[in-house]
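1. how would this look folded up:
(6 chains)
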6 protein chains.
Amino acid sequence: MNERFDRGVAAIDGLGGGYQAIFEPMADVAPDLSRFVAEFAFGDLYSRPGLAPPQRQLLTIATLIALGGTDRQLSFHIGAALHVGVEPQTIVETIYHCLAYVGFPRTVNAMHTAKEVFAKRGLLPLKAER
Amino acid sequence: MNERFDRGVAAIDGLGGGYQAIFEPMADVAPDLSRFVAEFAFGDLYSRPGLAPPQRQLLTIATLIALGGTDRQLSFHIGAALHVGVEPQTIVETIYHCLAYVGFPRTVNAMHTAKEVFAKRGLLPLKAER
Amino acid sequence: MNERFDRGVAAIDGLGGGYQAIFEPMADVAPDLSRFVAEFAFGDLYSRPGLAPPQRQLLTIATLIALGGTDRQLSFHIGAALHVGVEPQTIVETIYHCLAYVGFPRTVNAMHTAKEVFAKRGLLPLKAER
Amino acid sequence: MNERFDRGVAAIDGLGGGYQAIFEPMADVAPDLSRFVAEFAFGDLYSRPGLAPPQRQLLTIATLIALGGTDRQLSFHIGAALHVGVEPQTIVETIYHCLAYVGFPRTVNAMHTAKEVFAKRGLLPLKAER
Amino acid sequence: MNERFDRGVAAIDGLGGGYQAIFEPMADVAPDLSRFVAEFAFGDLYSRPGLAPPQRQLLTIATLIALGGTDRQLSFHIGAALHVGVEPQTIVETIYHCLAYVGFPRTVNAMHTAKEVFAKRGLLPLKAER
Amino acid sequence: MNERFDRGVAAIDGLGGGYQAIFEPMADVAPDLSRFVAEFAFGDLYSRPGLAPPQRQLLTIATLIALGGTDRQLSFHIGAALHVGVEPQTIVETIYHCLAYVGFPRTVNAMHTAKEVFAKRGLLPLKAER
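-> Below you'll find the predicted structure:
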């Protein structure tokens, strides 16, 4: 459609797939929603210089943990973090880091989601923590 | 039981059903809960003059999106909005409107819930957005 | 800058001022932030057809109440609601409506904010509720 | 491992089981997470003098209701409350109490969770409320 | 006005004052708001049997901490807890208890609020914790 | 007191001061609170390998933005981020990144807080964004 859209789609494509599963169902209800994601979330924000994709994925994970109730997105962004080269253990450490700020329930829920993503990709058991 | 209760039940009945599915399971645990909903939420608040049911349904949907984790209620109130004459597209626009204030994850989750409600009622695909 | 920006600025201007107080301090820190507000929040979302400005202002107020901790924005959007012709009592009714969904603390806090906005504009006391 | 851990595990054991179901899946992903729960949440905090386990369970339930999106934990802690001698009706009253502060959606969701826990333990119907 | 209102006002009066400071400003904006607090929050909910006022105050404090952004209410309810006979140290322990569930920021903010209430009443320094 | 405490205090000291302002007031109310921060938040979590202090500071900022109502902590952690070598513009980019996930109000509030921290340190105006 336009430069922002194209840039956003390229950024999403760089995250390795799984994205369609979130937005495809909305095609016949709210088609502009996936356009806004592409144009604004990824074309405007994600494509800004200054933060590399691995950093952005970890920041996204931290934000989603604090919000709560965002399993769908957390699952996608953990997978995307792996795709852009983040080590599983770094994702786990990011979830641990949130513990001090959001408490155990949301942190534990996020770790369950991470485990599901890791399991689907055959990454378990992770290497020892230390 | 009393005037507030009767007024509240009438208001709930005006929303077109589906309400029992939320409160019936509580009859043998917390019977006063559905009474409070009828008396206070609908008899005291919803029945106040100044806002018509379609307006109230859209405000409720916006509030539930911002809260997050309220699929049960969101599903009911989207259906109720349709019942009191709100167009599906107006519900979709209300969800879009929340995007600026609550971000993509909660907005996308709400759009999924709206799609499910629309699909059950055979309303898909919606007419084009513009 | 572009059509989206111009459309957004026009939409913001239609809300009656006070907006600069929120974004002016960011000019030397994050100038793109007010651009994103203009382009995306107002140029893309607020300018969509289907919901009139008074409706959008009430939905925004409901969303901000549910979020909590958004006095700065709530104050602006209550003033903007008045500017686009919403009656003070309708704003009060919108806040009452949220009570069932978000509980007393956030509702009471929002009513305090509304009172401050009304007081500054010499609107108090409001006409009787019924 | 150490005194804090042992004290925490003893406190968890006093809550009657069901705890493993939450943390066992994390053994091959984030083994330190259950250690932190034992050492910090239960060894440091829960074991402090001044609040008895029944009181702590009710406070936990209130906190989880307000957070929202914590069914997994709410379900465990309602069961644990029963185990340490809290009457089902007192749990129900605690959930009712939260209604004024968090509104109907989160309160109703919590009552659903309580019902499920009560049902699994054959406690339904509860004795009349008054 | 009615039995529920009278019962609620009696319950509020039992909390020792300070309540007017929250609701008096709303008399010329939303007079029904304080009526709803009296009738519903205190006349219907707080007056239910099964939980004594000290227990209710601690549950309220826990709920407000988890919500965040409720200093006005937290300050009132900590003072009310003291008024109904809760020891300052028990309030402090209640705040500590929330730490595991809501994390440090909201817990630390609540402890600041508690300190302010204690200081105004000449209760500092508290007796040693153990 | 112990190894965890010492490790935590060292980690806090590495963040450059300002920390006392948050916890000193609690010395006569809840002295164990700052001990828990040192031992658990910093001694156990922050000191884990796998994430460097600059990364942890940005994750903390993202989490605090999503929580909302945490100005006190946000102000400290933005200052600490600067102290461990994060560029002001990287902090600004982190705040922008959160916009897609938490919406404008919390993001704008965080940018205000960042501006205050930058202003106190004579860092304004920041260099141009691109």
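2. from here on, just use CA atoms for contacts and neighbour counts.
-> Noted.
3. spell out which residues of chain A are next to chain B.
-> By Cα under 8 Å from any Cα of the partner chain, the residues of chain A that approach chain B are A:25-26, A:28-30, A:33, A:37, A:69-70, A:73.
4. what's the burial count for the residue nearest to residue A:18 when sequence neighbours are not counted?
-> Among residues not flanking residue A:18 along the chain, residue A:76 sits closest, at 6.6 Å (Cα to Cα, 6 or more residues apart in numbering or on different chains). Residue A:76 has 21 neighbouring residues, counting by other Cα atoms under 10 Å in any protein chain shown.
5. measure residue A:76 to residue A:89 for me?
-> For residue A:76, the distance to residue A:89 (Cα to Cα, to the nearest Å) stands at 17 Å.
6. tell me the contacts of residue A:48?
-> Contacts for residue A:48 (Cα atoms under 8 Å, 6 or more residues apart in numbering or on different chains) come out as residue F:93.
7. pLDDT at it, what is it?
-> You'll see residue A:48 listed with a pLDDT of 97.
8. now it, what's its secondary structure?
-> coil (DSSP: H, G, I helix; E, B strand; the rest coil).
9. now stretch A:67-86: buried residues?
-> A:67-71, A:73-84, A:86 (16 or more other Cα atoms under 10 Å in any protein chain shown).
10. filter the residues you listed down to just the ones in helices.
-> A:67, A:71, A:73-83 (DSSP state H).
11. among those residues, which one lies nearest to residue C:95?
-> residue A:67 (23.6 Å; Cα to Cα).
12. which residue, other than its chain neighbours, is closest to that closest one?
-> Looking at residue A:67 with Cα to Cα, 6+ apart, the closest residue is residue F:66, at 6.0 Å.
13. do you know how far that neighbour is from chain D?
-> Per Cα to the nearest Cα, to the nearest Å, residue F:66 is found 13 Å from chain D.
14. next up, the contacts around that residue.
-> Contact analysis of residue F:66 by Cα under 8 Å, 6+ apart lists A:63-64, A:66-67, F:98, F:102, F:106.
15. just among the residues you listed, which is most surrounded?
-> residue F:98 (29 neighbours).
16. helix or strand with the lowest mean pLDDT in chain A?
-> helix A:20-23 (a mean of 80; mean pLDDT, DSSP states H and E).
17. near chain C, anything from the helix or strand just after that helix?
-> Note on helix A:20-23: by DSSP states H and E, the next helix or strand toward the C-terminus is helix A:31-36. No - Helix A:31-36 does not reach chain C (Cα under 8 Å from any Cα); its nearest approach is 8.5 Å.
18. export helix A:31-36 as CSV, just CAs?
-> Coordinates of each C-alpha in helix A:31-36 appear next as CSV, following Å, rounded to 0.1, in the frame of the first residue of the first chain:
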residue,chain,number,x,y,z
PRO,A,31,-9.2,-5.6,8.0
ASP,A,32,-7.7,-2.3,9.0
LEU,A,33,-6.4,-3.8,12.3
SER,A,34,-3.7,-5.8,10.7
ARG,A,35,-2.9,-2.8,8.4
PHE,A,36,-2.5,-0.6,11.5
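19. now stretch A:25-38: buried residues?
-> Buried, per 16+ other Cα under 10 Å, within stretch A:25-38: A:26, A:29-30, A:33-38.
20. a markdown table please, covering those residues and showing distance to chain D and pLDDT.
-> Below are the buried residues of stretch A:25-38 laid out as a markdown table (distance: Cα to the nearest Cα, whole Å; pLDDT from 0 to 100):
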| residue | distance to chain D | pLDDT |
| --- | --- | --- |
| A:26 | 24 | 89 |
| A:29 | 25 | 95 |
| A:30 | 26 | 96 |
| A:33 | 24 | 95 |
| A:34 | 25 | 93 |
| A:35 | 28 | 95 |
| A:36 | 27 | 96 |
| A:37 | 25 | 96 |
| A:38 | 28 | 95 |
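21. farthest pair in those?
-> Once Cα to Cα is applied, those give A:29 and A:38 as the farthest pair, at 16.9 Å.
22. if we can go back for a sec, residues in contact with the least confident helix or strand of chain A?
-> Contacts for helix A:20-23 (Cα under 8 Å, 6+ apart): A:33-34, A:72.
23. ok, residues contacting the longest helix belonging to chain A?
-> Ranked by residue count, the top helix of chain A under DSSP H comes out as helix A:104-120. Helix A:104-120 is contacted from outside by A:65-66, A:68, A:71, A:74-75, A:78-79, A:88, A:92, A:95-96, A:98-99, A:124, D:25-26, D:29-30, D:33, D:37, D:70, D:73, E:100-103, using Cα under 8 Å, 6+ apart.
24. before we move on, the earlier item: tell me which of the contacts of residue F:66 is nearest to residue C:15?
-> residue F:106 (20.7 Å).
25. quick check, nearest of the residues of chain A next to chain B to chain F?
-> The closest of these to chain F turns out to be residue A:37 (Cα to the nearest Cα; 8.4 Å).
26. so that closest one versus residue B:71, what's the distance?
-> 22 Å.
27. the helix or strand in which residue A:11 is found close to chain F?
-> Secondary structure assignment for residue A:11, by DSSP H and E: helix A:3-13. No - using Cα under 8 Å from any Cα, helix A:3-13 stays clear of chain F, with a minimum separation of 12.9 Å.
28. what's the span of stretch A:114-126, first residue to last?
-> 11 Å.
29. which positions in that stretch come out as buried?
-> Those would be A:114-115, A:117-118, A:126, for stretch A:114-126 by 16+ other Cα under 10 Å.
30. and stretch A:11-18, by the same measure?
-> Here stretch A:11-18 shows A:11-12, A:15 as buried, counting by 16+ other Cα under 10 Å.
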